[in-house]
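[1] Compute the structure for the input listed below.
(4 chains)
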Amino acid sequence: MKLYEYAGKEIFSRYGISVPKGSTASSIEEAGKIAGAMGKSVIKAQVLAGGRGKTGGVLFSNNEEEARQAASRILGLTIKGLSVKKVLIEEFKETHAQIYLGITIDRLVRCPVIIASIAGGIDIEETAVNSPEKIIRINIDPLTGLHDYQARKLAISLKINDTKKIIDVIKKLYRIFVDNDCILAEINPLAQTDDGIYALDAKMVIDDNALFRHNYRDEDPDPLSEMAKKNGMSYVGLDGDIGCIVNGAGLAMATLDMIKQRGGESANFMDVRAGANEEQIKTALRIVSSNKKVKGIVVNIFGGLTKCDDVARGIIDILPDMKVPLVVRFAGTNEELGHSMLEKYGVTLAGSTEEAAKAVIRLVNPH
Amino acid sequence: MKLYEYAGKEIFSRYGISVPKGSTASSIEEAGKIAGAMGKSVIKAQVLAGGRGKTGGVLFSNNEEEARQAASRILGLTIKGLSVKKVLIEEFKETHAQIYLGITIDRLVRCPVIIASIAGGIDIEETAVNSPEKIIRINIDPLTGLHDYQARKLAISLKINDTKKIIDVIKKLYRIFVDNDCILAEINPLAQTDDGIYALDAKMVIDDNALFRHNYRDEDPDPLSEMAKKNGMSYVGLDGDIGCIVNGAGLAMATLDMIKQRGGESANFMDVRAGANEEQIKTALRIVSSNKKVKGIVVNIFGGLTKCDDVARGIIDILPDMKVPLVVRFAGTNEELGHSMLEKYGVTLAGSTEEAAKAVIRLVNPH
Amino acid sequence: MSILINENTRLLVQGITGNEGSLQTKEMLDFGTNVVGGTTPGKGGSRIFGVPVFDSVEEAVDSVHPNGSVIFVPPGHASDAIFEAIDAGIQLIVCITEGIPVHDMMRICAYMKSTSSRLIGPNCPGITSPGRSKVGIMPNNIHLPGNIGIVSRSGTLTYEIIDLLTKNRIGQSTSIGIGGDPVIGMTFLDALELFEKDKDTQAVVLIGEIGGTAEEEAIGFIKHMSKPVIAYIVGISAPPDRTMGHAGAIVSMGRGTARSKIQAFGDAGIPLARNPNEIIIQINTILKK
Amino acid sequence: MSILINENTRLLVQGITGNEGSLQTKEMLDFGTNVVGGTTPGKGGSRIFGVPVFDSVEEAVDSVHPNGSVIFVPPGHASDAIFEAIDAGIQLIVCITEGIPVHDMMRICAYMKSTSSRLIGPNCPGITSPGRSKVGIMPNNIHLPGNIGIVSRSGTLTYEIIDLLTKNRIGQSTSIGIGGDPVIGMTFLDALELFEKDKDTQAVVLIGEIGGTAEEEAIGFIKHMSKPVIAYIVGISAPPDRTMGHAGAIVSMGRGTARSKIQAFGDAGIPLARNPNEIIIQINTILKK
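    Got it, this is the predicted structure:
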């Protein structure tokens, strides 16, 4: 789960990392009042996507009027498909140096990795590619945690004064990373200013698998993904017109790949997981078909403990409600029984994932 | 540092381990009032030594009058050389089962060890010797901490119901042990009562080396030990009449052993550590000689970086204030210079630890 | 021969009385796996399908001497079950459970460095050695004994490919699902090293997917293997993740997408299949040589 | 030969610019120890007694390739210094610092299990191999090269005995102070195993004291050693500790006092000295054989 910048900054603040004074607003009116009381301020779109600066989601203001204008512009934006509903208004900070500081998981070494660079800011990824010597990485043993000598090495490598304060921020960010089951905790930029070291941005992503032991609340859930999650399934919306229902993430990706290779575009990724039984498949079909862009649906089930005839029963039950054609491919346990049950209902049957992909594309693009 | 029972119970309570309702009193008056409001209660000497029950330090009362009598008896006691200045008055709890639960350090395996037994109470050490099968021990990896399966194994081994509550107490006690840098955290007995699992006693010993990162305050310091500690030295009072000042704990023990082997009794253990210089030796002599029982003092210094002539200078300086005879033995750096400096002052000089022991015994017991 | 498991595997099932644990124990027994015991705290002393149930792994080890364990414990308790198996000295631990927090897995992997246990998974379908033993949840009836090794991060996609191989009368030495989580025990590289040493494995099918660089890390070894490896990598149609933050990008340095993986394998001259059918074609070409 | 250190020891001093660090570095240089570098964060680039100072152990390892390290860092930072040395791959780490919290030491010892580093101490005087190298704080002028190994938990008491040996013209192969803290790296047993293998050591003096059972744990090995071991155990006059609680008593099971240790060594037929002079008498008896 991704946290909004302002939520991340609340956590930073609780752990003693300095952030600029600020608060959020959902209306132009409110934004104007907050910024008016501040003098020079920065108004930032609160949206769960990167690259806000480059898309006009971060503006500056000197007074209430400018703030209202900025807020009105930002609150109307859609950034990477997400509409902006809230802005964060903060005191403007003059910076001397902008540091990049991030902690994530090194999957290969199977441990947290802290990354720091004096070349903080929006171009950090380019720096990583073009000037790798400006990026320092330290792997942390998850059992012993961050050692002082490691925090010191990172801080010294940045070659600015304030080493002690930077060490302090590194140690606190690592605490935040561990305490909150983060898969990402990032400050970019961590700014050196006249009155100290400030986190000017906050990016935190929490491990979904660990949400059960925390109190985070998804403030902006996608309704279809939520419904899928509640039913033990996984749904991600895409831009195409072919709905997909598959059991298993790998097989689902393989199915989407096959559709793409044959010239089709999928409307979603959906893994029904272990829930490929009668009731679940009905729920899955309801979710996928509620997307108005969907012109046809492919169901691809590999039966193990899942029995294909159970799935067929679910499909038959919901078929009267379906407005778009269905292609079904069963394999594994009772695949033949499942296929034969569906024959009389006008559902297109496929013998392989590849055939299923071809069939659904034909149905969706009849020309 | 040892914590009093009531202080330990405050910590238990903060971590969610149930303790009986209660409070402390320093006077008979106060104790009577607290107990009077309680009905049946137990009045316990607050003293940093074991075996209170067997020495009359724990009494029961049914009303204010009985409580006053009990408190008056306990507040007059001296238990293992320590006078009782405070009592803890608690609600009496009827118990169904008394469990022993303790965590300490297994020096050999270099890790915390949790010990549990259904045979809790004052005879637990005898149980450990006579019925070792009633004692279960589990070593904990200090990096991963206590695992649920280990807490479960301990709890199940006690063979009483309430397994879940016992698991909970074990996990909390381990948290306490780690968070507070304990070398001992012990509940004896942990009682099964009608209304739950209660810690009826609390014993906590904090690692002196870790006090710098905690906020414990020694409520009842020994003045001589405190003065020594402040000067980087270590002092323990004993029952004999020969004062001892040695650099190094091992050499100090060897000196005390030698005195005992020759029929003498030491008045103290004192390790002046690295502080065996002019000023420190004066402080050490002041501390040791302030014990009225001391009839003679032996100073045994092995010089390395410590120079024996520096030590001699300190001795000469304070000699006029000394009321008891001194035996000095120097070895190592500038030993001859040190000895020769002392010759004209009537200080007895010894060529070895053994000679020093013999000489001081002769001086103290001239018959 | 097979790798990791064989007819001498004495299996313990952790969480044997749970829904999935009992269902899958039945399936494994049907397959012929020697399930010697199971654990469920509080149910020690009972039996399920004739298999004795114990309160703890330690008790099971003392009584029935398992040399492998498979874990069906819910995610909140699964990492504890892994630690319990490691501490009891179980050498092969297969964790089926999906949804274990990644921080727990990092701690487990760090702890395992000082032990000799080997972990497969979590969030994996386990291991099948046709005709010998099955430890996990792969469907029973899709396998055929033979000489192709399979190692995969997926579940049903793996079954689909095993099924396809079997239908084409291409048998498998061992099929391993290493799991789809970001932090897992056995990697592609570990599995390939075992297949390389296994005299009954003639060629290996590697089924990879987007995310991480485990596939790329195996390339160096594959280039020096005496046995051919055919790679099939899915996720080419996955949208670029809206991941916030740069740390992940810095760590992966442009690797980790299906496209970059396919590129890397191609550059190394490792045969790639674009779909399951191409795997069959490639294997047939190899077997004919 | 000696054990642990010799003329090939290339020593790093962690905390080299501190009071004790610099004083003892001077002493070690005077002894003839090959001190190749030191560390003090923030003082990298400077020199002390001609020895280069680095900001971190890693930098020192890259520049001057030490194979051993001695730590003079204050107790609040010493455990971090030990981790730093381990992680930089230093094989022999001698920690002089007194006052490290025991919980820190337990974590360090657990961590070391997955590494090949060896730790001596903390709260110890270090190691001296007369004529070859000194790593630690033993006085320079008390040693004599020879064939007696010394292993001790004490500081000055050890110096006293080394001095006595030297004055009686009995030389030492290596003298080791393993430290007096409850949780330490190298134990009596570890040291005895090394002395047993060292062809230049003819006999070993073991100096023990009250507390713990490290002396008792070595008895089994001593009984099977080809070399004689003479034990001297102090603390017989120490008062019974007013320790509260039973856990310690249960763990030690009646062992751990000077009396119980002496009893155990006596029962095992290991020669015991009651005072330093008796050590000399015993050694002379052995050497005459």
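
[2] show me the contacts for C:Val204.
    Applying C-beta atoms under 8 Å, 6 or more residues apart in numbering or on different chains, we find C:Val204 in contact with C:148-151, C:192, C:195, C:227-230. The C-beta positions use only the backbone N, C-alpha and C, and glycine is treated the same way.

[3] Can I take it that it is in a helix?
    No: according to DSSP: H, G, I helix; E, B strand; the rest coil, C:Val204 belongs to no helix; its state is strand.

[4] Now do the closest residue to it other than its chain neighbours, the pLDDT please.
    In space, and not counting its chain neighbours, C:Val204 is closest to C:Gly149: 4.2 Å by C-beta to C-beta, 6 or more residues apart in numbering or on different chains. Residue-level confidence at C:Gly149 comes out at 98, pLDDT.

[5] On the three-state scheme, C:Gly149 is what?
    Classification of C:Gly149 into helix, strand or coil gives strand, according to three-state DSSP.

[6] picking that back up, is there a quick ChimeraX command that grabs whichever of the contacts of C:Val204 are buried?
    One line in ChimeraX is enough to select the buried ones among these; burial here means 16 or more other C-beta atoms under 10 Å in any protein chain shown:
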select /C:148,149,150,151,192,195,227,228,229,230
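
[7] any idea which of the contacts of C:Val204 is the one closest to chain B?
    Checking the contacts of C:Val204 against chain B by C-beta to the nearest C-beta gives C:Val151 as the nearest, at 29.1 Å.

[8] Show me what the closest one bridges to in the sheet.
    On the basis of DSSP bridges, C:Val151 is bridged to C:Ile176, C:Leu206.

[9] Help me confirm that it comes into contact with C:Ile176.
    Yes: taking contacts as C-beta atoms under 8 Å, C:Val151 lies within contact range of C:Ile176: 4.9 Å.

[10] measure C:Leu92 to C:Thr17 for me?
    Relative to C:Thr17, C:Leu92 is positioned 22 Å away (C-beta to C-beta, to the nearest Å).

[11] Average pLDDT for stretch A:277-294, rounded please.
    Per-residue pLDDT values across stretch A:277-294 average out to 94.

[12] Closest residue of chain C to chain A?
    When you check chain C against chain A by C-beta to the nearest C-beta, the closest residue turns out to be C:Ser154, at 2.4 Å.

[13] how close does that residue sit to chain D?
    Look at C:Ser154 and chain D: by C-beta to the nearest C-beta, to the nearest Å, they are 32 Å apart.

[14] same question, C:Lys134
    From C:Lys134 across to chain D, the span is 33 Å (C-beta to the nearest C-beta).

[15] Same check on A:Ile245?
    Using C-beta to the nearest C-beta, one gets 46 Å for the distance from A:Ile245 to chain D.

[16] give me every residue that touches C:His65.
    Taking C-beta under 8 Å, 6+ apart as the criterion, C:His65 is in contact with C:10, C:36.

[17] And for A:Tyr1, the neighbour number?
    Residue A:1: Met, not Tyr. If you count neighbours by other C-beta atoms under 10 Å in any protein chain shown, A:Met1 ends up with 18.

[18] On the pLDDT front, check it for me.
    89.

[19] Skipping its backbone neighbours, what lies nearest it in space?
    The shortest distance from A:Met1 to any residue that is not its chain neighbour, by C-beta to C-beta, 6+ apart, is 4.6 Å, and that residue is A:Ile206.

[20] hey, where'd the strands end up in the stretch 101-250 of chain C?
    Secondary structure of the stretch 101-250 of chain C by DSSP state E, counting those that start in this stretch: the strands cover C:118-120, C:126-129, C:133-136, C:145-152, C:172-177, C:203-209, C:229-234.

[21] other SSEs contacting the third one?
    Using 3 or more C-beta pairs under 8 Å, 6 or more residues apart in numbering or on different chains; DSSP states H and E, the elements in contact with strand C:133-136 are helix C:19-31, strand C:68-71, strand C:92-95, strand C:126-129.

[22] Report the strands that pair with the helix or strand following the first one, each with its relative direction.
    The element immediately downstream of helix C:19-31 (helix or strand, assigned by DSSP states H and E) is strand C:35-39. Sheet pairing of strand C:35-39 (DSSP bridges) gives strand C:11-14 (parallel), strand C:51-54 (parallel).

[23] Just put these in CSV and tack on mean neighbour count and mean pLDDT.
    Rendered in CSV, the data for these read as follows (neighbours: other C-beta atoms under 10 Å in any protein chain shown; pLDDT from 0 to 100):
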stretch, mean neighbour count, mean pLDDT
strand C:11-14, 29, 98
strand C:51-54, 21, 98
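
[24] okay, these in JSON lines with distance to B:Ile114 next?
    Output for the strands paired with strand C:35-39, formatted as JSON lines (distance: least, C-beta to C-beta, whole Å):
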{"stretch": "strand C:11-14", "distance to B:Ile114": "23"}
{"stretch": "strand C:51-54", "distance to B:Ile114": "21"}
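
[25] That concludes my questions; thank you for your assistance.
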